[in-house]
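# I'll drop the sequence and a predicted model, then ask my questions.
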Amino acid sequence: MRKLVLAAMALFFLVTGVFVVWENYHKPRLMVLQSYGNDYVWTQEINEGLKRVLAKSHWMTVRYHYMHTNRFNGKDELRRASVAARRAVDQFRPDILLAIDDHAQELVGKFYVNDPQMKIVFAGINGEITPYGYDKADNVTGIRERKQFKAVNEMIASLGLDLGRPARLAHIADAALSSTADTLAAEKFDWAPQVYVGGIQVADFAAWQKKTRGLAGKIDFLLVSGYRQLPYGEGKKEFVPPEEVMAWTLANVEVPVIGINVFNSRDGAMISLGVSPYEQGEVSAQMAVDLLGGNKTLAELPIRQASQYVVSMSQKALTRYQIKPPQVFEAFARATNNYYK
């Protein structure tokens with residue numbers, strides 16, 4: 001009798017195990033491919049947006065892969081990151097590849113355009129989708145990032161800096177792929193009534209220091225976006241910590257620094273207005289869920305533009321320049337925990 005009970009129990013656990021394995025194997029599969037590392041605040045906040053949707057979707061298997069391209073910019077390192085990420089995709093064979101930020105598209109996503117077994121949902125693309133072949137793909141949708149320059153321009157006009165003339169602006173950034181897209185977009189934008197002096201991209205911190213000093217007396221506001229890929233100098237590999245870049249900039253630039261990424265004020269920029277990372281995560285995740293669940297087709301999910309933004313502020317910088325922004329901006333920053341003292 002005891003042997004029969006043990007045999008029945010063994011059979012039960014065997015059948016249960018086989019069922020669990022079978023069920024997991026046949027679950028719809030989603031791979032989240034992050035360009036950067038999970039130590040990067042932008043990535044963390046996109047992940048938060050993703051989780052707001054994916055936490056409710058236990059019927060799918062979700063896997064994350066981080067490319068960590070915020071830590072390097074050399075061609076060989078990018079190539080290795082591309083090979084490793086594509087190997088991870090090929091091994092997992094997701095039904096949907098959710099690729100976030102430009103490097104995920106450039107180094108991985110474009111190789112799966114029109115793959116009959118896989119759909120691509122993108123988020124965080126700063127520039128055009130054409131370089132990745134997405135404009136002619138039949139398996140791609142997503143949400144563009146698109147910096148909110150109109151809102152930034154309106155915010156600058158509302159700061160009440162009494163110049164007696166239009167404010168002069170310049171933009172500086174590192175040489176990262178996303179920064180290039182930001183620089184090009186800023187050049188195309190109509191900044192009137194402000195006067196846009198121009199955009200500058202630099203390869204290292206020494207060049208950043210030289211170029212910002214060269215702007216003295218030529219601008220009234222300095223716009224910053226990306227500066228997390230600035231080695232100390234030519235031939236150097238180690239990147240300067242972003243807080244150090246901003247600390248030097250604030251100490252050596254006499255005009256207020258305006259961020260066009262929400263995290264810029266966390267580093268010290270006076271006030272920042274950036275695309276909502278939470279929206280990028282939530283919208284792209286919902287697209288993936290709708291496609292995997294069969295609720296919608298790609299034809300019913302056209303590519304979207306970012307519509308939400310987040311304001312952040314540094315009280316220390318505001319005090320230094322004796323600028324008091326409209327109360328609504330401060331309230332927004334405080335409400336979203338983006339007001340830094």
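Yep, it's here.
# where in this structure is the helix or strand with the lowest mean pLDDT?
When each helix and strand of the chain is scored by mean pLDDT, DSSP states H and E, helix 2-26 comes last, with a mean of 52.
# what's the first helix or strand after that helix?
Using DSSP states H and E, the helix or strand that follows helix 2-26 in sequence is strand 29-34.
# now the following helix or strand past that following strand: mean pLDDT?
Following the chain from strand 29-34 toward its C-terminal end, the next helix or strand by DSSP H and E is helix 41-54. Helix 41-54 shows a mean pLDDT of 96.
# now for helix 41-54, which elements pack on it?
strand 29-34, strand 96-100, helix 277-292 (3 or more Cβ pairs under 8 Å, 6 or more residues apart in numbering; DSSP states H and E). Placement of C-beta: from N, CA and C, glycine included.
# buried sites along it?
Under the neighbour-count criterion of 16 or more other Cβ atoms under 10 Å, helix 41-54 has 41-43, 45-47, 49-50, 53-54 buried.
# which one of those is nearest Q148?
Nearest to Q148, judged by Cβ to Cβ, of these is W42 at 15.0 Å.
# quick revisit: possible to save the buried residues of helix 41-54 as a markdown table with distance to R71?
Shown next, in a markdown table, are the buried residues of helix 41-54 (distance: Cβ to Cβ, whole Å):
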| residue | distance to R71 |
| --- | --- |
| V41 | 14 |
| W42 | 14 |
| T43 | 12 |
| E45 | 18 |
| I46 | 17 |
| N47 | 17 |
| G49 | 23 |
| L50 | 21 |
| V53 | 28 |
| L54 | 26 |
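# for the stretch 151-300 of the chain, which segments count as helices?
With DSSP state H, counting those that start in this stretch as the criterion, the stretch 151-300 of the chain has helices at 177-188, 205-213, 242-252, 264-267, 277-292.
# contacting residues for G199?
Contacts for G199 (Cβ atoms under 8 Å, 6 or more residues apart in numbering) come out as 170-173, 183-184, 186-187.
# distance check, it against S179.
10 Å (Cβ to Cβ, to the nearest Å).
# now do the shared contacts for these two.
With Cβ under 8 Å, 6+ apart as the test, G199 and S179 both reach A173.
# burial check on P28, number of neighbours?
Counted by other Cβ atoms under 10 Å, the residues lying close to P28 total 18.
# give me the buried subset of the contacts of G199.
Buried members of those, scored by 16+ other Cβ under 10 Å, are 170-173, 183, 186.
# from the contacts of G199, which two are the most distant?
Farthest pair in the contacts of G199 (Cβ to Cβ) is A170 and L184. Separation: 15.0 Å.
# which ones are touching the closest residue to G268 other than its chain neighbours?
Once flanking residues are discounted, G268 sits nearest to M246: 4.2 Å by Cβ to Cβ, 6 or more residues apart in numbering. By Cβ under 8 Å, 6+ apart, the residues touching M246 are 224, 227, 257, 264, 267-269.
# before we move on, the earlier item: tell me which of the helices of the stretch 151-300 of the chain lies nearest to M313.
helix 264-267 (5.5 Å).
# off-centre distance for the closest one?
Mean-position distance between helix 264-267 and its chain equals 15 Å (Cα atoms, centre = their mean, to the nearest Å).
# what residues does it touch?
With Cβ under 8 Å, 6+ apart as the criterion, helix 264-267 contacts 41, 224-225, 242-243, 245-246, 257, 259, 271-272, 274, 312-314, 317, 333, 338, 340.
# ok, now with 10 Å
41, 223-228, 241-247, 249-250, 257-259, 261, 270-274, 311-315, 317-318, 333, 338-340 (Cβ atoms under 10 Å, 6 or more residues apart in numbering).
# and the strands in the stretch 101-250 of the chain?
Taking DSSP state E, counting those that start in this stretch as the criterion, the stretch 101-250 of the chain contains strands spanning 119-125, 140-144, 168-173, 195-201, 221-224.
# could you list the domains of this structure?
2-145+277-305, 149-276+309-340 (automatic domain parsing).
# related to what we said a few turns ago, which among the contacts of M246 gets closest to W191?
Taking Cβ to Cβ as the measure, W191 sits nearest to V224 out of those, at 15.7 Å.
# thought that closest one was touching L169?
No. With contact defined as Cβ atoms under 10 Å, V224 and L169 do not form a contacting pair (11.2 Å).
# need the overlap of contacts for those two.
Common contacts of V224 and L169 (Cβ under 10 Å, 6+ apart): I258.
# those two: which has the busier surroundings?
Neighbours were counted for V224 and for L169 using other Cβ under 10 Å; V224 has more, 27 against 23.
# mind listing the residues bridging to that one?
Counting by DSSP bridges, V224 is bridged to I172, G259.
# check what pLDDT it gets.
pLDDT at V224 comes out at 98.
# ok, now which ones touch it?
Contacts of V224 (Cβ under 10 Å, 6+ apart): 170-174, 179, 182, 208, 212, 245-246, 249, 253, 257-261, 264, 267, 269, 272.
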